[in-house]
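**Q** what's the 3D shape of this:
(2 chains, ligands or ions: 2)
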Amino acid sequence: MYRIIEKKILNQTVIQLLIEAPLVAKKAQSGQFIILRVDEEGERIPLTVAGTDPILGTVKIIYQVVGATTKKLSLLNEGDYLKDFVGPLGVPTHLEGLGKVCVVGGGVGCAIAMPVAEKLHSMGVDVTSIIGFRNRDLVILEEEFRACSDKLIIMTDDGSYGEHGNVTVPLKEMLDNGEKFDMIITIGPLVMMKYVVETARPFGVPVTVSMNPIMIDGTGMCGGCRLTLNVDGKKVTKFACVDGPDFNGYEVDFDEAFSRSGMYADFERHAYEETCNLYKKEVQ
Amino acid sequence: MANINMSLQKNPMPTQTPKERASNFEEVALGYSEEVAINEAMRCLNCKNMPCVSSSPVKIHIPEFISKIKEGDFEAAYQIITKSSSLPAVCGRVCPQESQCESKCVRGVKGEPVGIGRLERFVADWHNTFCNEDPKPPKSNQHKVAIVGAGPSGLTCAGDLAKKGYDVTVYEALHTAGGVLVYGIPEFRLPKAIVKKEVETLEKLGVKLETNVVIGKTLTIDELFEMGFEAVFIGSGAGLPNFMGIPGESLKGVYSANEFLTRSNLMKAYVDAPSTPIMKGGNVAVVGGGNVAMDAARTALRLGADNVYIVYRRSMDEIPARKEEVEHAIEEGIDFRILTNPVEIIGYNNPDDKKDSKNGCVTALRCVKMELGEPDARGRRRPIEIPNSEFEIPVDTVIMSIGTSPNPLIKSTTEGLEVNKHGGIIVNEDGLTSRSAVYAGGDAVTGAATVISAMGAGKIAAQAIDEYLKNN
Ligand SMILES: Cc1cc2nc3c(=O)[nH]c(=O)nc-3n(C[C@H](O)[C@H](O)[C@H](O)COP(=O)(O)OP(=O)(O)OC[C@H]3O[C@@H](n4cnc5c(N)ncnc54)[C@H](O)[C@@H]3O)c2cc1C
Ligand code: FES
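**A** Ligands and ions are numbered 1, 2, ... in the order given. As a prediction, this is how the structure comes out:
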């Protein structure tokens, strides 16, 4: 059992937890993830490690309440326990040898991008962060990003905070103006990452994307997390949980990944409603 | 022996009727009663040279335990079996006895062999029902051994060492112990309560179980030694699913058998209101002919599929699954499309509506007809494609069950650990790997094989570890 040490509400739907998991805390690096189960009958869900304290033995995770399991998770409080918590899984983000990097985060993906920006900053890399949200109320981690970015641009879809527009707008502007990045690292919704890749393509800047397909075991046992890469004109199947979650953005077949991500959309909507109803009943 | 039952047939195994069981997940085979078990035991001739024992992978003293059944002393029979096998209730249910102990039974020359597997199961179930004495942990010898993976090989090795007084810790990547016994083999063939009981027995013996630890990630083999373990056994199985590499394998509705079975078994997608989803209903094609394929097909049927096909490229004679599973599958109405090989999976595509949620879902499996050619090096006749024989089977789900390979994770994080070209860890006859004090066995060494061979490997390694640590 894994104790919740601290719970912090970041916005209406995004929550940050500190979990006591000493073995994971000792090993995890930026870009890696964990898999948790809330209770005995629960499903296994992957969440990225947003930070660790190896001395206190805690792991920070940040998640958005989107489905039945994250809803259940949001009902737990400090002092409660998670049934299972395993990690660190996946390959750490490759950050060596970079001088200037643009980190592009979207929505809750910013929670995954933040530790990457932090790590880069601590390595002395020049970090430009572009973070995008739907509106002002959903903005998270602004202070954290500010602390580790040489330049921070906040975008909102409706212009209610920061600049108006998509994250690709300032990215394109900078590239057009001759800014040279050694690498763009982008984490967020699939569509956003796809457009970041398209924006960078004419400039030939390497793009690393962080994929988060449906997973079960996270150890390479089921193949459910597979995605297709186009490597030199050849299709290659990779398992995101062991080969990723980071991939070369120019190689990922985004359309297929997008299609696969919707495999259980109906089931998830239904399960989410059920959980909410159960919760409402309990409250009454 | 005065009383010999000369019937040419085994006592039939009582089962749920095919119609009944096709829609539930309860165990198919119900087990012998005491009377039937004694009657079946009477078929054993108690041969002096015991051909059955020599073809049992763990050398169970078969005629000896059967004699005890004849006498009605079932507990004594159990004690004889557990001297050689640590998971009898499991093996009695899932071992391919027809190609092991029963294959050499003298009664099988004319008629059917003695139902050794059924008797083993009977004895183990009898013990589990009537004897609930907890095993006592032996006196500790202060030596620490770590086991990687809680499948049959790891659990067997752990049990044997614990009985000798070792301080044993088992590290398991998943949230539940049992390996393939819990994530692969379905409830209707091996009830999970049985596996749970076997694991609890080990814990009572003093074995410590640490779930949610992935060796190679959470801890490495080298760190285990730093933590004070003096020897390590790797029983991490062969969990990496293979795909065929044909077009369409990433469509929605295509699963590896591992994923499909894990969703249903481990994550309990078969219960009424599951938290883990699975595709149900419609038509399902399972590609492959092994035990795994039979399990996937029969699981799909129970989840409510309209039609389930086994698509296998050789003929019924070559099907590698246990005979009983194939028979059960046929009885339940699984449609065997033999001498058939898939070449492409076809998906739905609505060119007018890119947002149509059906886009990318499986609609059919395109196959070719095969015929059998000359035998290959292993004596199996090679399937050859018949030209211009393409046809389509309309399906909604395709389950790839064409084998698994050992996971490269431990190898890639353990310096000096050598593997063969299939990824299997290389060991000597004692189970010792290329690293000193590191042993391995089961599917991690052989590639996907059987429960009993994994157990056998766990036993051999336990013996070798004991010798090694005693002399060090
Ligand atoms: C669906 C199915 C049906 C089968 N039916 C039969 C049958 O009827 N009869 C039969 O004899 N055989 C059958 N088999 C084969 C049999 O189950 C296997 O040969 C046997 O389980 C192998 O045992 P093992 O201990 O080597 O590995 P496994 O049972 O695979 O156990 C390995 C364990 O190690 C864990 N692990 C892996 N990597 C790590 C790591 N890095 N760190 C920590 N833990 C790790 C895994 O999670 C797993 O729990 C079947 C297999 C399947 C999949
Ligand atoms: S999650 Fe199962 S293989 Fe990646």
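
**Q** C-alpha from now on. contacts and neighbour counts both.
**A** Noted.

**Q** number of residues surrounding B:Glu327?
**A** Number of residues near B:Glu327 (other C-alpha atoms under 10 Å in any protein chain shown) recorded here: 11.

**Q** tell me the contacts of residue 211?
**A** Here I'm looking at chain A. The contact partners of A:Met211, taken as C-alpha atoms under 8 Å, 6 or more residues apart in numbering or on different chains, are A:187, A:190, A:240, A:244-247.

**Q** correction: the question concerned chain B.
**A** B:Thr211 makes contact with B:171-177 under the criterion C-alpha under 8 Å, 6+ apart.

**Q** okay, the closest residue to it other than its chain neighbours: pLDDT?
**A** Excluding the flanking residues, the one nearest B:Thr211 by C-alpha to C-alpha, 6 or more residues apart in numbering or on different chains is B:Glu172, at 4.6 Å. Looking at B:Glu172, its pLDDT reads 98.

**Q** likewise for A:Cys276?
**A** Model confidence at A:Cys276 (pLDDT) stands at 67.

**Q** ditto for A:Tyr272
**A** A:Tyr272 is given a pLDDT of 69.

**Q** show me where the stretch 51-200 of chain A has its helices.
**A** Assigned by DSSP state H, counting those that start in this stretch, the helices in the stretch 51-200 of chain A fall at A:68-74, A:110-122, A:142-148, A:168-176, A:190-200.

**Q** which among those helices is found nearest to ligand 1?
**A** Closest approach to ligand 1 among these (C-alpha to the nearest ligand atom): helix A:68-74, 22.6 Å.

**Q** run through the neighbouring helices and strands of the closest one.
**A** If you count contacts as 3 or more C-alpha pairs under 8 Å, 6 or more residues apart in numbering or on different chains; DSSP states H and E, helix A:68-74 packs onto helix A:265-283.

**Q** deepest-packed of the helices of the stretch 51-200 of chain A, please.
**A** helix A:110-122 (a mean of 23; mean count of other C-alpha atoms under 10 Å in any protein chain shown).

**Q** B:Asn258 falls within a helix, correct?
**A** Yes - counting by DSSP: H, G, I helix; E, B strand; the rest coil, B:Asn258 is located in a helix.

**Q** and the closest residue to it other than its chain neighbours, what does it touch?
**A** In space, and not counting its chain neighbours, B:Asn258 is closest to A:Cys222: 5.1 Å by C-alpha to C-alpha, 6+ apart. Residues near A:Cys222 by C-alpha under 8 Å, 6+ apart: A:216, B:239-241, B:256-259, B:262.

**Q** can you tell me the SS state at A:Cys222?
**A** Of the three states, A:Cys222 takes coil according to three-state DSSP.

**Q** let me know the pLDDT of the nearest residue to B:Leu339 once chain neighbours are set aside.
**A** Using C-alpha to C-alpha, 6+ apart and skipping the chain neighbours, the partner closest in space to B:Leu339 is B:Arg313 (4.3 Å). Listed pLDDT for B:Arg313 reads 95.

**Q** burial measure for B:Arg313, as a count.
**A** Neighbours of B:Arg313 under the rule other C-alpha under 10 Å: 27.
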